[in-house]
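In: I'll drop the sequence and a predicted model, then ask my questions.
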Amino acid sequence: MSDYSCNLPKVGMSLIINNLMSIFEQYNMEENYKSIILSTSSQPNSKPHLGTYVNLCCSFILASKLKQKYENKNITIEFDSLENSLYYVDKDDELSENVRMYKYILSFLSTKYNVLYTFRSFDEFRNIDIIKRNLSYYLINKDEIDKVINPEQYSTIRAFCPKCKEKIENITDINNLSKNRLEITFECEEHGIFTLQLCDDQLNKLDFSAQLRDIFKGLMSDYLEKKDQLLIMVDGRDWSNEWDHYIHLKGKKLFLHDRVTPRIFTPLILDSYGGKLSKSLYLNPEFRYKGIECNFENIETIEQIYGKKSLNIISDEIESWINDSTKFYRDYTVNYLHKKLKGEII
Ligand SMILES: [Zn+2]
């Protein structure tokens with residue numbers, strides 16, 4: 001079979017750019033920044049799957065292209081591991097095995113593309129001063145901010161019940177006791193209410209939702225801008241469109257930040273039905289994917305089936321997406337990459 005993607009139509013961004021690097025011209029990187037960070041993240045609730053690998057490849061390949069263009073800049077990847085959302089992982093040894101596989105992939109890409117990376121746990125992320133400060137601001141202004149970032153009033157803040165140690169989402173009251181001291185009341189269904197009195201510097205006892213994590217990363221990008229560092233968020237394309245417009249940017253405005261966060265959204269890997277290949281669905285014993293030709297459960301399985309060359313085959317393919325905007329501004333089915341691995345598409 002020939003490569004059917006060689007005559008892709010120009011749509012959206014690819015109508016106005018051929019080379020993805022052109023997007024970054026507006027930042028005048030040569031003049032304005034001493035370092036550039038491409039920041040991405042994933043939940044280690046399983047070993048990394050194909051979609052995660054695609055996102056990581058895009059991050060490293062973009063970083064390597066930036067390095068070629070701006071030779072005197074310090075350009076790195078910042079990887080955030082989101083252990084706070086570990087559905088279906090209840091054993092520490094399973095988590096450390098998943099993290100080991102993440103580091104294996106990060107190390108492979110770091111060597112191949114000659115780009116250094118940092119690996120940050122969620123605990124380290126929420127311990128950063130700017131995150132705690134903005135979490136405090138959110139808690140004080142929660143009702144107003146939730147109208148924009150949480151329209152259906154899901155939980156955004158969680159804490160552990162002191163008795164059963166379960167993560168509790170139900171907040172019944174927030175009191176601003178003094179300038180930097182908050183009192184938050186939670187209700188555990190089994191053990192009733194418990195209250196946390198927290199100074200700003202203790203807010204790392206709380207877990208927070210995807211909206212807040214996403215907005216906080218954007219606020220951190222604004223903070224680093226003042227230190228001549230450009231932080232570019234790199235996420236899968238499911239974080240684009242309405243999410244970026246209504247949640248991220250409008251959310252940032254409520255934190256009194258007007259700057260548009262530099263972001264790149266990477267192609268999605270779709271299942272046979274057109275939905276995003278989902279780690280959570282893979283792991284849900286009641287679902288299990290059907291209709292996918294081979295066992296694409298994670299990168300380790302793919303390496304077992306197709307050998308050590310698999311990581312190179314996929315990353316080389318993704319390099320061609322980065323080099324051609326018509327290939328980058330689209331999504332791909334898992335079956336397409338499967339055919340690539342089998343050598344059925346050249
Ligand atoms: Zn409890």
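Out: Thanks, I have the structure now.
In: which regions of the stretch 51-200 of the chain sit below the pLDDT cut-off?
Out: Within the stretch 51-200 of the chain, the ranges that satisfy pLDDT under 70 run 85-90.
In: And for Thr111, the neighbour number?
Out: Thr111 has 10 neighbours, counted by other CB atoms under 10 Å. (Each C-beta comes from the backbone N, C-alpha and C, glycine too.)
In: and it, that's in a strand?
Out: No - counting by DSSP: H, G, I helix; E, B strand; the rest coil, Thr111 is not found in a strand; it is helix.
In: Just want to check the distance between it and Ile105.
Out: 11 Å (CB to CB, to the nearest Å).
In: Provide a list of residues in contact with the residue lying closest to Val54 once chain neighbours are set aside.
Out: Leaving aside its sequence neighbours, Val54 sits nearest to Ile269 (CB to CB, 6 or more residues apart in numbering; 5.6 Å). Contacts for Ile269 were tallied using CB atoms under 8 Å, 6 or more residues apart in numbering; they are 50-51, 54, 276-277, 331-334, 337.
In: Help me confirm that Phe119 is found in a helix?
Out: No - going by three-state DSSP, the assignment for Phe119 is strand, not a helix.
In: Please pick the buried ones from the contacts of Ile269.
Out: Neighbour-count burial within these applies to 50-51, 54, 277, 331-334, 337; the criterion is 16 or more other CB atoms under 10 Å.
In: out of these, which are inside helices?
Out: Of the buried ones among the contacts of Ile269, the ones assigned to helices by DSSP state H are 50-51, 54, 334, 337.
In: Could you single out the nearest of those residues to the ion?
Out: Nearest to the ion among these: Gly51, at 35.2 Å, using CB to the ion.
In: That closest one: what's it in contact with?
Out: Neighbour list for Gly51: 236, 268-269, 276-277, 279 [criterion: CB under 8 Å, 6+ apart].
In: swap in Arg259?
Out: Neighbour list for Arg259: 221-222, 225, 252 [criterion: CB under 8 Å, 6+ apart].
In: repeat for His191
Out: Shown in contact with His191 (CB under 8 Å, 6+ apart): 161, 163-164.
In: Could you do Trp239 as well?
Out: 214, 248, 263, 265.
In: Write the ChimeraX selection for whichever of the residues you listed are buried.
Out: Remark: buried members of these, expressed as a ChimeraX selection using 16+ other CB under 10 Å:
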select :214,248,263,265
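In: What parts of the stretch 51-200 of the chain come near the ion?
Out: Neighbours of the ion within the stretch 51-200 of the chain, by CB under 5 Å from the ion: 161, 163-164, 188, 190-191.
In: Break this protein down into its domains, please.
Out: Annotated domains of the chain cover 4-127+267-342, 157-208 [automatic domain parsing].
In: bridging residues for the residue nearest to Leu116 when sequence neighbours are not counted?
Out: Leaving aside its sequence neighbours, Leu116 sits nearest to Thr76 (CB to CB, 6+ apart; 5.1 Å). Beta bridges link Thr76 to Ile37, Leu116, judged by DSSP bridges.
In: Count the neighbours of Thr76 for me.
Out: Based on other CB under 10 Å, the number of other residues close to Thr76 is 18.
In: likewise Met220?
Out: Met220: 21 neighbours (other CB under 10 Å).
In: residues contacting it?
Out: Met220 is in contact with 128, 130-131, 231, counting by CB under 8 Å, 6+ apart.
In: Dihedrals phi and psi, it?
Out: phi -70, psi -40 (degrees, to the nearest 10).
In: Look up how far Asn127 lies from it.
Out: Distance of Met220 to Asn127, given as CB to CB: 13 Å.
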